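Visitor: Provided below for reference: sequence and predicted model.
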Amino acid sequence: MPEFLNLFGRASVAEPDRAAYPPAAELRSKFDRVHVATLEALAGICDHDLEGPVIGFAKHRLYTVKWEFLRWAGRHEMIHTGQIGLLRRILG
């Protein structure tokens with residue numbers, strides 16, 4: 001995970017050399033594993049627990065309740081998906 005954050009995290013800087021990045025299939029595999037792990041984690045949480053405060057690594061400056069944070073996380077991913085789509089269109 002630290003390697004992934006170094007490449008794609010908030011403080012990362014784009015590297016023009018494609019070899020610096022994992023292949024697309026590896027990235028897709030990571031996204032798929034995160035998706036499955038998220039669904040499994042949510043299956044074990046009751047609605048009442050989603051009203052609890054966000055704590056630890058996932059703490060967000062705008063969202064303090066777990067369900068708000070989860071809603072934001074999905075939207076955040078969609079933003080990046082749109083950015084990737086736009087870049088692909090621009091680059092042909």
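Guide: Perfect, thanks for sending it. Numbering: from 1, shown residues only.
Visitor: pull the number of nearby residues for Ala73.
Guide: Using other C-beta atoms under 10 Å, Ala73 has 14 other residues around it. Where C-beta positions appear, they are placed from N, C-alpha and C, glycine not excepted.
Visitor: what about it, distance to Pro23?
Guide: 25 Å (C-beta to C-beta, to the nearest Å).
Visitor: try Asp47
Guide: Taking C-beta to C-beta as the measure, Asp47 falls 39 Å from Pro23.
Visitor: Met78 too?
Guide: 23 Å.
Visitor: check Leu42 too.
Guide: In terms of C-beta to C-beta, Leu42 sits 29 Å off from Pro23.
Visitor: repeat that for Pro2.
Guide: 19 Å.
Visitor: lowest-confidence helix or strand of this structure?
Guide: Taking mean pLDDT, DSSP states H and E as the measure, the chain has helix 2-8 as its least confident helix or strand, at a mean of 82.
Visitor: off-centre distance for whichever helix or strand comes after it?
Guide: Next helix or strand after helix 2-8 toward the C-terminus (DSSP states H and E): helix 24-43. Centroid separation between helix 24-43 and its chain, computed with C-alpha atoms, centre = their mean, to the nearest Å, is 10 Å.
Visitor: could you dump helix 24-43 to PDB, C-alpha only?
Guide: Only the C-alpha atoms of helix 24-43 are listed here, as PDB (Å, rounded to 0.1, in the frame of the first residue of the first chain):
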ATOM      1  CA  ALA A  24      -3.200  -1.500 -16.000                       C
ATOM      2  CA  ALA A  25      -4.200  -5.100 -15.200                       C
ATOM      3  CA  GLU A  26      -2.500  -4.800 -11.800                       C
ATOM      4  CA  LEU A  27      -4.200  -1.600 -11.000                       C
ATOM      5  CA  ARG A  28      -7.600  -3.100 -12.000                       C
ATOM      6  CA  SER A  29      -6.900  -6.100  -9.800                       C
ATOM      7  CA  LYS A  30      -6.100  -3.800  -6.800                       C
ATOM      8  CA  PHE A  31      -9.400  -1.800  -7.400                       C
ATOM      9  CA  ASP A  32     -11.300  -5.100  -7.600                       C
ATOM     10  CA  ARG A  33      -9.800  -6.300  -4.300                       C
ATOM     11  CA  VAL A  34     -10.600  -3.100  -2.600                       C
ATOM     12  CA  HIS A  35     -14.200  -3.200  -3.900                       C
ATOM     13  CA  VAL A  36     -14.700  -6.700  -2.600                       C
ATOM     14  CA  ALA A  37     -13.100  -5.900   0.800                       C
ATOM     15  CA  THR A  38     -15.300  -2.900   1.100                       C
ATOM     16  CA  LEU A  39     -18.500  -4.800   0.400                       C
ATOM     17  CA  GLU A  40     -17.500  -7.500   2.900                       C
ATOM     18  CA  ALA A  41     -16.800  -4.900   5.600                       C
ATOM     19  CA  LEU A  42     -20.100  -3.200   5.000                       C
ATOM     20  CA  ALA A  43     -22.000  -6.500   5.200                       C
END
